[in-house]
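Novice: Sequence plus predicted model, see below.
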Amino acid sequence: MWKHFIADYLSFSKKERTGIIVLILLIGFFMGIPFFYPFFIKSHPTDTKVFEKEIAALSIKEYDSTKQFQRLGATRKQEESVYSPSIHQQEKGELFYFDPNTASGEELKKLGFREKTITTIHRFLAKGGRFYKSDDIAKVWGLHPNEVKRLLPFVQIKHLQASQISEGNEFRKKPLLVAQSISPIDINMADTSALISLNGIGSKLSQRIIHFREKLGGFYSVEQVGETFGLPDSTFQKIKSQLKIVSLSITKININTADIDLMKTHPYLRYATSNAIIRYRTQHGNFSTVADIKKIMTITEDIFNKAAPYLTVEIP
C-alpha cells in the first residue's frame, strides 16, 4: 500500500524534475539579488553637514526671537494686545456718553467700535437682549478688556427699573422681560444699522437693500424690498410687518429727455425697455403722458405698473 502511495504521489517524471530545479534556481537568484546590489550600484555617502547647518540656523532664529521678545518685556497677554487690531481702532475713536441700548451704528463707529462688533450688538438687541448695567458691555464678544476699560466711564444706561439693575442671583436666574413694541422702520430713510437690527438681516443684506433702493430711486411699496437680490422670501415675510413708508420721495426719469444710458440703469427698465421707449419717441415725438408708453408692444401691463411711478413727462 505504501509503495503504491509513494509511486503515485512522490515520483516525478524527467520534465517535472527539470521544472522543479529551474524553479529553485530562480527563487535562489531573486533572493540573492539584494546581497549583490551594492557591487553593481554604488551609494553616495550622506553629507549631514548641510542638515546640521540648517538645524543650527533654526536654533539661532528661535533664540533671537525669544531674546527680542524678552527685551520688550512682554508677557503672552501683552503680546496678544500688541497684535490685536481692535485696540488700535478703539484708540482712534471719539469719547462721549452713550447708551448701548439706543446708540446708532454711526455713534458706535465714532466711538471706535468695529463693524462686526456693531452687528453683534444690534443682533443681540433685536433678539430682545438688553444692557442692564454699564459693566454688561464687557460681555460683548470681540471687545478687548482695554477697550472696555476705556469705554466704561462713558456708558450711561437710561430708563432702568430698580429690579432690572439688581445684583441678586434671583434676578440673574429669572431676568425681567419687559414687552417692547418695535417701531416699524421707514425703508426710504433707514441706514444699514437700522436694517441690521431686523431679524435675519446682516451687513451684506442691509447693504443690498440700500443699493437696490438707490438704483430704483426710492421705494413706493414695502413689497419691493422682497425683490432685493439674495433676500430669502421667508426672511422678508418675517420682517415685512416691521417696515413702513413714511417719506415717499421718488426720483423720477423724464422719458422725453432721458437718454438710454440713464434709463437702462433702472432695475425696472433695463436696456430692452429703454431702447424701445427711445425708438418710439424718436419716431412719434414726445410722450404726452406716462401712460403713452403702453402703446409700445414690448411694454406689458406688468412692466408699466412697476415702472410708471418712476417715470414722468413733466420738466421739474
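Specialist: Cool, got the structure.

Novice: Can you check what pLDDT the model gives P309?
Specialist: At P309, the model reports a pLDDT of 94.

Novice: what sits against it?
Specialist: Y220, I250, K252 (Cβ atoms under 8 Å, 6 or more residues apart in numbering). No exception for glycine: its C-beta is placed from N, CA and C like everyone else's.

Novice: what's the answer for F304, then?
Specialist: A291, I293, K294.

Novice: Just the buried ones from the contacts of P309?
Specialist: Buried by 16 or more other Cβ atoms under 10 Å: Y220, K252, out of the contacts of P309.

Novice: wait, T228 sits on K204?
Specialist: No - applying Cβ atoms under 8 Å as the test, T228 and K204 come out as separate, 10.8 Å apart.

Novice: Tell me which of the two has more neighbours.
Specialist: T228 (18 against 10; other Cβ atoms under 10 Å).

Novice: Just the C-alpha atoms of the one helix or strand E147 maps to, please, in CSV.
Specialist: Assigned by DSSP states H and E, E147 falls within helix 145-151. Coordinates of each C-alpha in helix 145-151 appear next as CSV, following Å, rounded to 0.1, in the frame of the first residue of the first chain:
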residue,chain,number,x,y,z
PRO,A,145,-10.5,94.3,28.2
ASN,A,146,-8.6,97.5,27.4
GLU,A,147,-11.4,98.7,25.1
VAL,A,148,-14.0,98.0,27.9
LYS,A,149,-11.8,99.9,30.4
ARG,A,150,-11.7,102.9,28.0
LEU,A,151,-15.4,103.0,27.2
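
Novice: and it, what other elements does it pack with?
Specialist: If contacts are counted by 3 or more Cβ pairs under 8 Å, 6 or more residues apart in numbering; DSSP states H and E, helix 145-151 sits against helix 85-92.

Novice: in whichever helix or strand comes after the helix it packs on, what's buried?
Specialist: Downstream of helix 85-92, the first helix or strand assigned by DSSP H and E is helix 105-111. Neighbour counts over helix 105-111 (16+ other Cβ under 10 Å) mark G105, E107, L108, K109, L111 as buried.

Novice: before we move on, what about stretch 137-152?
Specialist: I137, V140, L143, E147, V148, R150, L151.

Novice: which regions of the chain sit below the pLDDT cut-off?
Specialist: The chain contains residues with pLDDT under 70 at 1-12, 37-92, 159-182, 316.

Novice: Centre-most residue in it?
Specialist: Centroid-nearest residue in the chain, with Cα atoms, centre = their mean: K204, separated by 7.3 Å.

Novice: and of the buried residues of helix 105-111, the nearest to I185?
Specialist: The shortest approach to I185 among these belongs to G105, at 13.1 Å (Cβ to Cβ).

Novice: Quick check: closest non-adjacent residue to that closest one.
Specialist: S193 (2.5 Å; Cβ to Cβ, 6 or more residues apart in numbering).

Novice: That neighbour: which element?
Specialist: Here S193 is assigned to helix 192-196, by DSSP H and E.

Novice: chain center to that helix: distance?
Specialist: Its chain's C-alpha centre and that of helix 192-196 lie 16 Å apart, by Cα atoms, centre = their mean, to the nearest Å.

Novice: Residues contacting that helix, please?
Specialist: 104-106, 108, 118-119, 122-123, 126, 185, 201-203, 205-207, 209-210.

Novice: Would you mind listing which of these are buried?
Specialist: For the contacts of helix 192-196, buried by 16+ other Cβ under 10 Å: 105, 108, 118-119, 122-123, 126, 185, 201, 203, 205-206, 209-210.

Novice: So which of the residues you listed sit within helices?
Specialist: Mapping these onto helices (DSSP state H) picks out G105, L108, I118, T119, H122, R123, A126, S203, L205, S206, I209, I210.

Novice: quick one: T251 and R208, what's the gap?
Specialist: 19 Å (Cβ to Cβ, to the nearest Å).

Novice: When those two are compared, which one has more neighbours?
Specialist: Using other Cβ under 10 Å as the criterion, T251 and R208 rank with R208 on top: 16 against 10.

Novice: remind me, longest helix of the chain?
Specialist: Under DSSP H, the chain gives helix 14-40 as its longest helix.

Novice: Determine how far that one lies from the middle of the whole chain.
Specialist: With Cα atoms, centre = their mean, you get 68 Å for helix 14-40.

Novice: buried sites along it?
Specialist: Under 16+ other Cβ under 10 Å, helix 14-40 has no buried positions.

Novice: how does this protein divide up, domain by domain?
Specialist: Structural domains assigned to the chain are 86-166, 185-244, 253-312, following automatic domain parsing.

Novice: Between the ones you listed, which one is closest to M31.
Specialist: domain 86-166 (68.1 Å).

Novice: List just the nearest of the buried ones among the contacts of helix 192-196 to F29.
Specialist: Nearest member of the buried ones among the contacts of helix 192-196 to F29, counting by Cβ to Cβ, is S203, at 74.7 Å.

Novice: Understood, closing this out.
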